[in-house]
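> predicted coordinates and the sequence they were generated for:
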Amino acid sequence: MTAADTTPDPRPWLAHYPAAVPAEIDPAAPGTLAELIRSACELYAQRNAFESFGKNLTYAEIGRAARAFCAWLQAQGFQKGDRIALMMPNILAYPATIFGALLGGYTVVNVNPLYTARELTHQLTDSGARALVVIENFAHVVEEARPNLKLDAIVVATAGDLMGFKGSIVNFVARKIKKVVKPFTLPGSFQLKAILAGPATMAPVTVVPDDIAFLQYTGGTTGVAKGAMLTHRNVAANVEQARLWLGWAVEPPLGRSDYQHVMVTALPLYHIFALTCCCMFMLRIGAKGLLIANPRDIAGFVKTLKSSRFTLFSGVNTLYNALGNHPDIGQVDFSELRFSVAGGMATQAIVAKRWREVTGKPIIEGYGLSETSPMASVNRPDINEFTGTIGFPLPSTDIAIRDADGNETPLGEPGEICIRGPQVMAGYWKRPDETAKVMTPDGFFRSGDIGIMLPDGQVKIVDRMKDMILVSGFNVYPNEVEDVLAAHPGVLEAAVIGLPDEHSGEAVAAFVVKKDPALTADALRAFCKDSLTGYKVPRQIIFRDTLPKTNVGKVLRRALREEVAASAASATKG
């Protein structure tokens, strides 16, 4: 046997691909998102594209609204490449304005509508956004930030836009009954409803694959939020990768060319996971998006599911956990569910087990980041049970596990997950220094996540590098401890962080939300000792009513660390 024969296969995952999935995407296939939008709105014109509050909008109708928004932007003098910010939850106005901006060659800046005036000011200033579309529920935040903003136009949307008479009812409930719309004054602003009812004849625009489609701001968990430049090629390539990986699994039943998939879209469209997987990929297969405006209202969410037909589901661990534990989830009809996908954070085995019991289908976990458009790896859609891995690298994607010196680690050894492929961003907006920190000379993006590669090429997440706890020189990964805590029947949610300790450097601390009010710290610690070695068992267990989370439900360990630090500083001053 020669030396060459003993060289490890650099892409072991290819041997485990489904037969229908090629190793590479066609480089010419992705095109642009503008082409994708036009094609879908023509090909599926009479199909329903999105549903919100019981109102359906066809592909033809969403296409007309998109063109009207684009035509208005052009009439206002905005030029191709200008940044257009969108600050809305999952309502019909969101896809209409996203599609309109992309058709015109503008760059979309997705903004979390829950942002404070300070956070909003940073993102709009950093991106250089010239226009902002905001739902009226959060217009008061824009009013507060306006003196510090350099916007040429502010457009106010409502939850009822594009809903006809029913929209008036939805808006009345929001304003008068639920009172979720606070008073605001934005002189000179425009009403989106009037814009979308206007002319839909837009001037021709040449959009090319290297044009920037999105400035997708990272969560800012490692410092000031940065805008990942995602080109049309990046996102369109990721859609094509998803089509090859998942498309064969969502083929219509034999003889049912009219069959349409419906994706439950509870994750916000301003988040990269939902943007690509629940919006752009759904366009590619002619599916409908069932928009959930407020997924935190679990009772309302379950009520919607009980009265809706759906075939595809997307979520994060906390959402699946909340739904799986709701007393009425058993009344939901999951008979047409083809598969459920998860991402954004690690999915816990106990949560996946409960979802399998409820729906009859496993959770298909994937992995990605804003910087990778986002999908880098996904489990096979034909799995029967939850695997606990993030699956195989997608077509045209290379994943390497590397140590601190940039060398690949042996199979099964932890290291930083590094990703290379057509979906990897063009860089951070106006931050070449930050881009250089995360891109390797051979074109890999450094994720900041610790993982291992299994012999078959599947990747398993260990944890975030910055969240690792060092106890007397031993590595403790919070995900592992959280999985054990979540397996206790008396625990609803748990988060683990490291706290300074004069003897061991750091000590493990757990923040726990109880499912069983009688649960004690001693009982939970004893439970952990059955599965964890001594230094991994939480030294402190703090019970809380809730845990801090991001807009998509990811538990914010950073916020817990900051809270503890602030409390310690206050105690020192006292």
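Received the coordinates, thanks. Residues are numbered from 1 along each chain as shown.

> which ones are touching the closest residue to residue 243 other than its chain neighbours?
Spatially, and ignoring its direct neighbours in sequence, residue 243 is nearest to residue 284 (5.5 Å; CB to CB, 6 or more residues apart in numbering). C-beta coordinates here come from the backbone N, C-alpha and C atoms, glycine included. If you count contacts by CB atoms under 8 Å, 6 or more residues apart in numbering, residue 284 has them with 36, 40, 239-240, 242-243.

> ok, and the most crowded of these?
residue 239 (28 neighbours; other CB atoms under 10 Å).

> now name the helix or strand holding the residue minimising distance to the centre of the chain.
The geometric centre of the chain, computed from its C-alpha atoms, lies nearest to residue 273 (CA atoms, centre = their mean), at 3.0 Å. Per DSSP states H and E, residue 273 falls inside helix 272-274.

> what do you get for residue 434?
Residue 434 is part of helix 432-438 when elements are defined by DSSP H and E.

> show me what that helix is packed against.
Where contact means 3 or more CB pairs under 8 Å, 6 or more residues apart in numbering; DSSP states H and E, helix 432-438 is packed against strand 445-453.

> elements contacting the strand it packs on?
Checking 3+ CB pairs under 8 Å, 6+ apart, strand 445-453 ends up next to strand 398-402, strand 415-420, helix 432-438, strand 459-464.

> let's go with 6 Å and repeat that
The contact analysis (3 or more CB pairs under 6 Å, 6 or more residues apart in numbering; DSSP states H and E) places strand 445-453 against strand 415-420, strand 459-464.

> and the next helix-or-strand element following the last one, what's buried?
So the one you mean is strand 459-464. Downstream of strand 459-464, the next assigned helix or strand under DSSP H and E is strand 469-471. Across strand 469-471, burial judged by 16 or more other CB atoms under 10 Å covers 469, 471.

> how far off centre is strand 469-471?
29 Å (CA atoms, centre = their mean, to the nearest Å).

> cool, stretch 381-400 as well?
Worked out by CA atoms, centre = their mean, stretch 381-400 lies 17 Å from the chain centre.

> show me which positions of it end up buried.
Applying 16+ other CB under 10 Å to stretch 381-400 flags 381, 383, 386-400 as buried.

> repeat for stretch 485-496
Buried, per 16+ other CB under 10 Å, within stretch 485-496: 485-488, 490-496.

> from one end of that stretch to the other, what's the distance?
Distance between the boundary residues of stretch 485-496 (CA to CA, to the nearest Å) amounts to 9 Å.

> what does it rub up against?
348, 350, 478, 481-482, 510-513, 515-516, 519, 527, 547, 555, 557 (CB atoms under 6 Å, 6 or more residues apart in numbering).

> quick one, which of these are buried?
The buried subset of the contacts of stretch 485-496 - by 16+ other CB under 10 Å - is 348, 350, 478, 481-482, 510-512, 519, 527, 547, 555, 557.

> sort out for me which of those are in strands.
510-512 (DSSP state E).

> ok, those vs residue 180, which is closest?
residue 511 (29.1 Å; CB to CB).

> which residues does that closest one form beta bridges with?
Assessed by DSSP bridges, residue 511 has beta-bridge partners residue 495, residue 542.

> the residue nearest to the centre of the chain and residue 343 touch, don't they?
Yes - applying CB atoms under 6 Å as the test, residue 273 and residue 343 come out as touching, 5.1 Å apart.

> quick check: end-to-end length of stretch 335-343?
Stretch 335-343 has an end-to-end distance of 23 Å (CA to CA).

> now stretch 260-269
21 Å.

> same deal with stretch 125-142?
Termini of stretch 125-142 sit 13 Å apart (CA to CA).

> buried stuff in it?
126-142.

> for that stretch, the distance to its chain's centre please.
21 Å.

> mean confidence for that stretch?
Stretch 125-142 shows a mean pLDDT of 98.

> how about residues contacting it?
82-88, 97, 109, 113, 117, 151-158, 180-182, 184, 186, 215, 227.

> from the residues you listed, which land in strands?
Using DSSP E, the contacts of stretch 125-142 in strands are 83-87, 109, 153-157, 215, 227.

> and of those, the nearest to residue 101?
residue 84 (4.6 Å).

> so where's the stretch 151-300 of the chain uncertain?
For the stretch 151-300 of the chain, the stretches with pLDDT under 70 are 219-223.

> tell me which stretches of it form strands.
Secondary structure of the stretch 151-300 of the chain (DSSP state E, counting those that start in this stretch): strands at 153-157, 190-191, 212-217, 227-231, 262-265, 288-291.

> in a markdown table, list the ones you listed along with distance to residue 173.
Putting the strands of the stretch 151-300 of the chain into a markdown table (distance: least, CB to CB, whole Å) gives the following:
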| stretch | distance to residue 173 |
| --- | --- |
| strand 153-157 | 16 |
| strand 190-191 | 19 |
| strand 212-217 | 31 |
| strand 227-231 | 35 |
| strand 262-265 | 21 |
| strand 288-291 | 16 |
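
> residue 418 is nearest to which of those strands?
strand 227-231 (16.2 Å).

> by contact count, what packs against that closest one?
Using 3+ CB pairs under 6 Å, 6+ apart, strand 227-231 sits against strand 212-217.
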